[in-house]
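A.B. asks: Sequence plus predicted model, see below.
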Amino acid sequence: MNSQELAKYIEATDGISKPWLLIQLRLKKLQERRHQLSADDYAQQVADIHTDLMKLGDWWVGREGDVF
């Protein structure tokens with residue numbers, strides 16, 4: 001699945017309000033641009049996405065059936 005297909009899926013399933021899906025979209029877009037980035041830029045962007053993911057905390061607790 002490419003980033004456009006993932007974005008369409010997120011829109012179709014009302015996933016815009018689900019931050020974990022938006023993180024996946026950011027990772028997919030980064031993966032598609034990897035060949036255009038230096039190793040340092042790529043690593044920095046992965047670190048930025050990881051930081052944002054960790055800020056989500058335990059968002060899934062109590063929602064396991066809905067998200068996994």
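C.D. replies: Yes, it's here. Numbering: from 1, shown residues only.
A.B. asks: Averaged over its residues, which helix or strand of this protein has the lowest pLDDT?
C.D. replies: helix 64-67 (a mean of 78; mean pLDDT, DSSP states H and E).
A.B. asks: Report the contact partners of residue 34.
C.D. replies: Neighbour list for residue 34: residue 42 [criterion: Cβ atoms under 8 Å, 6 or more residues apart in numbering]. Quick note: C-beta positions are derived from backbone N, CA and C, even for glycine.
A.B. asks: How about the secondary structure of it?
C.D. replies: What DSSP: H, G, I helix; E, B strand; the rest coil gives for residue 34 is helix.
A.B. asks: Excluding its own residues, what touches the longest helix along the chain? List them.
C.D. replies: If you go by DSSP state H, the chain has its longest helix at helix 39-55. Identification of contacts with helix 39-55 by Cβ under 8 Å, 6+ apart yields 20, 23, 26-27, 30, 34, 37.
A.B. asks: Below-threshold pLDDT in this structure: ranges please.
C.D. replies: Along the chain, segments meeting pLDDT under 70 span 68.
A.B. asks: In whatever helix or strand residue 11 lives in, which residues are buried?
C.D. replies: Per DSSP states H and E: residue 11 is located in helix 3-12. For helix 3-12, the buried set under the neighbour-count rule, 16 or more other Cβ atoms under 10 Å, comprises 3, 6-7, 10.
A.B. asks: Please name every helix or strand in contact with that helix.
C.D. replies: Counting contacts by 3 or more Cβ pairs under 8 Å, 6 or more residues apart in numbering; DSSP states H and E, helix 3-12 packs against helix 19-33.
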